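Student: how does the following fold in three dimensions:
(chains A and B, ligands or ions: 2)
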Amino acid sequence: MTNILEVKNLQARIAGNTILNGLDLTVRAGEVHAIMGPNGSGKSTLAQVIAGHADYEVLGGSVTYMGKDLLELEPEERAREGVFLGFQYPVEIPGVNNAYLLKAAVNAKRRHNGQEEIDAFEFLKIARERMALLGMDASFLNRGVNEGFSGGEKKRNEILQMAMLEPTLAILDETDSGLDIDALKAVANGVNALRDPERAIVLVTHYQRLLDYIEPDHVHVLSKGKIIRSGDKTLALELENRGYEWVQEAASA
Amino acid sequence: MNVSALDQELFAAVIHAMPSDELSPVRNQAANQFSSLGFPTTRDEDWKYTNLSAAAEISNAWLRNRMDAAAATPSLPPPEVARPEILNQMDAHWLIIRNGSIDSSSLAELQNSLGPDIEFSKLSEQTDSTHINIDDPMSAMNAALLIDGLRLQVGANVEVSKPLGILQIDDPSQQASQIRIVIDLGENSRLQVIECALSADSGMQFSNAVTEASLARAATLEFVRIQTRSEQHIGVNRLIASLARDATLRHNAFDFGGALTRNDISVNIAGENAAAHLHGLYLASGKQHIDNHTRVEHRVGPAISNEEYRGVLNGRSRGVFNGQAVVFEGADGTDANQANHNLLLSDHAEIDTKPELEIYADDVKCSHGATVGQLDESSLFYLRSRGLDQDTARHLLTQAFAAGILAKLAVEESRNYLVDILDRRLSEVLDAG
Ligand SMILES: Nc1ncnc2c1ncn2[C@@H]1O[C@H](COP(=O)(O)OP(=O)(O)OP(=O)(O)O)[C@@H](O)[C@H]1O
Ligand SMILES: [Mg+2]
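Tutor: Ligands and ions are numbered 1, 2, ... in the order given. The predicted structure is shown next:
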């Protein structure tokens, strides 16, 4: 199996604070990984560094995506190459139409891949289909990006964008937080629909319940900017029962 | 400090040489007024940030030319000019004002097509000229040097079906122009105006325009002004509006061009339940200077005024906003809101914003606020993380900022044209840095 993402000894800081302290992670095609860990351990930092947020400074190590040095690319180039980040806190952008952004995003990727821009009719058809799958009303297309969306609606909108962009690597940062049971199932459906031998998915989550719907191949514990333990799906269950302390103690021993 | 002044001798000579017509008494009175007031200087609180000395210089050159031209060739017919393309882009009845003088044939055409709904006349040809405002220096200069001036009267209960388009176009060879439009709206009447101010070519220009609007009971005036002057143009634009009971004014000022632009709006709320909605959008780059001064006087209540101006400033451009709302004693039930929001896209751009409230009544609801900021970094990153390049993302976010004003557009017929030039102008402003 090919490596989709290879993170080696990654060190990164923000505002003078070093958050990632030599992180290693390898994600192969077809796999679903879950990253868990205490608040403030650096999960979102890892996600943001992979997406290319300029506020995070990479101090050392490497991030290789599909054999390319990801850190060399601008955020938009990463997106067009097939990297998608579902934000923990999606921003509201009043005045920018949701459908417009979706279509612009799809077309940016298509142009990058030498494909023709999507036909407006075709676009609407696909968007409506995928929205139905996610239990989203079509009227969300005509609103400002996340403008006035409830917490759960924002997360669904992230998954809609993912579904339209069909990324090779999707990193979903706590997309399950704040979702009601129906929304959780809808989001899980969206993610499972994307599962494919050619793609990979990284779920950042605090809860086992998401993993009931999306079964991970690997589960990692991130603590103080490092992955301190990896295992299969049973690790998530164990964490649910025992918390993080025992893993942290074992790691520092 | 203002160093230039108008050459008094030349000024007097030009006034003297103006034709003798209905405006003559006003011109003389206004000339005296202007001679004693002079150009405003930056020592005047109201003109602190906006220096008109270049306008004075242009005006002197223009006066000199006028004297020379009058001596050499008394009356050459004006050259034929092509119908500007802009007239085909908006569904309106158009009147052309070129270099401050009204195009007689388009006026006659208008009178024909708008029939009895609107009565058009030239101020230079009508008898009653008492309402011509000469209170402030620029209005006085305007009246003193006015060639003709437009008066339009809409009768009671008349709803003019199609917008009136007023094209103000100036040739740099003419250097300076004075434009005066006097609008009288009868009771319960309605008029929409799209005013486009542009330059026929680049070159030094100064235009000094005054619009006076009097709205009788329950009249509605919806007025969109779109300014796309050349980069060497200096424009001073004044609007003086008076609203009787139940009257509504919606005014939009879109300023996209010009080297230096000063808009002065005075609204007198003189009747209960009158409403004034003032919305403006300015985009500037390079060394452009745009100054919006508004003053709303609430003399009676209840009545509403809503005001919001937004600006996008890049390069070394400078914006000025001064919004005054004055609520007079007894004007209870006044609801006055004012906001000015600015996007500063460069470290060298500057905005001086000052909302001012003066309240002498007890039962009022007033709000005011000003913001100055940059494009939101997390929004930018969000858009880029979806594959949009930086320029597109910046453009989209700036457009979204401007959309807040477009949402208040007073004359729908101007929308397509506006959206189109806004889009182009935004790209220029963002690229110019
Ligand atoms: N702009 C910033 N300035 C200073 N510290 C920051 C900044 N952004 C993040 N941090 C710090 O970096 C650390 C890691 O944050 P991160 O968001 O990656 O945590 P997380 O693992 O995603 O936590 P959570 O589970 O709460 O989402 C935190 O201690 C946080 O306070
Ligand atoms: Mg987080």
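
Student: residue contacts, residue A:203?
Tutor: Taking CB atoms under 8 Å, 6 or more residues apart in numbering or on different chains as the contact definition, residue A:203 lies against A:32, A:33, A:34, A:35, A:172, A:175, A:176, A:191, A:210, A:211, A:214, A:216. For glycine as for every other residue, the C-beta is placed from the backbone atoms N, C-alpha and C.

Student: name the nearest of those relative to ligand 2.
Tutor: Among those, residue A:35 lies closest to ligand 2 (CB to the ion), at 10.0 Å.

Student: can the helix or strand hosting the closest one be found next to ligand 1?
Tutor: Element membership for residue A:35, per DSSP states H and E: strand A:32-36. No - residues of strand A:32-36 are not located near ligand 1 by CB under 6 Å from any ligand atom, the shortest gap being 8.8 Å.

Student: name every strand pairing with that strand and say which way it goes.
Tutor: Neighbouring strands of strand A:32-36 in its sheet, by DSSP bridges, are strand A:200-204 (parallel), strand A:218-223 (parallel).

Student: I'd like the next helix or strand past that strand.
Tutor: helix A:43-51.

Student: just the angle between that next one and strand A:218-223, please?
Tutor: Helix A:43-51 runs at 110 degrees relative to strand A:218-223, counting by axes from the mean of the first three to the mean of the last three CA atoms, to 10 degrees.

Student: how about residues contacting helix A:43-51?
Tutor: Here helix A:43-51 has contacts from A:5, A:7, A:10, A:12, A:14, A:19-20, A:23, A:25, A:35, A:37, A:55-56, A:58, A:63, A:65, A:70, A:75, A:78-79, A:83, A:85, A:88, A:171, A:173-174, A:202, A:204, A:222, A:225, B:381, B:385, using CB under 8 Å, 6+ apart.

Student: how many neighbouring residues does the residue of the stretch 1-150 of chain A found nearest ligand 2 have?
Tutor: In the stretch 1-150 of chain A, the residue that lies nearest ligand 2 is residue A:44 (3.1 Å; CB to the ion). Residue A:44: 20 surrounding residues under other CB atoms under 10 Å in any protein chain shown.

Student: for it, give its distance to residue A:230.
Tutor: 19 Å (CB to CB, to the nearest Å).

Student: the residue in the stretch 251-400 of chain B that chain A sits nearest to sits in which helix or strand?
Tutor: Nearest residue of the stretch 251-400 of chain B to chain A: residue B:400, at 2.7 Å (CB to the nearest CB). Using DSSP H and E, residue B:400 sits in helix B:390-406.

Student: any idea how far that helix is from the chain center?
Tutor: A distance of 24 Å separates the centroid of the chain from that of helix B:390-406, by CA atoms, centre = their mean, to the nearest Å.

Student: hmm, who's touching that helix?
Tutor: A:74, A:76, A:93-96, A:100-101, A:104, A:144, B:252, B:254, B:279-281, B:283, B:308-310, B:312, B:341, B:343, B:345, B:375-376, B:379-380, B:383-384, B:388, B:415, B:418-419, B:422-423, B:426-427, B:429-430.

Student: just the CA trace of it, in PDB.
Tutor: What follows is helix B:390-406, C-alpha atoms only, in PDB (Å, rounded to 0.1, in the frame of the first residue of the first chain):
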ATOM      1  CA  GLN B 390      -5.000  34.200  -2.300                       C
ATOM      2  CA  ASP B 391      -6.000  36.900  -4.800                       C
ATOM      3  CA  THR B 392      -9.400  35.300  -5.400                       C
ATOM      4  CA  ALA B 393      -9.900  34.900  -1.600                       C
ATOM      5  CA  ARG B 394      -9.000  38.500  -1.000                       C
ATOM      6  CA  HIS B 395     -11.300  39.600  -3.800                       C
ATOM      7  CA  LEU B 396     -14.200  37.500  -2.500                       C
ATOM      8  CA  LEU B 397     -13.800  38.800   1.100                       C
ATOM      9  CA  THR B 398     -13.600  42.400  -0.100                       C
ATOM     10  CA  GLN B 399     -16.600  41.900  -2.300                       C
ATOM     11  CA  ALA B 400     -18.500  40.500   0.700                       C
ATOM     12  CA  PHE B 401     -17.600  43.500   2.700                       C
ATOM     13  CA  ALA B 402     -18.900  45.800  -0.100                       C
ATOM     14  CA  ALA B 403     -22.000  43.700  -0.500                       C
ATOM     15  CA  GLY B 404     -23.400  45.100   2.700                       C
ATOM     16  CA  ILE B 405     -23.900  48.400   0.900                       C
ATOM     17  CA  LEU B 406     -25.100  47.000  -2.300                       C
END
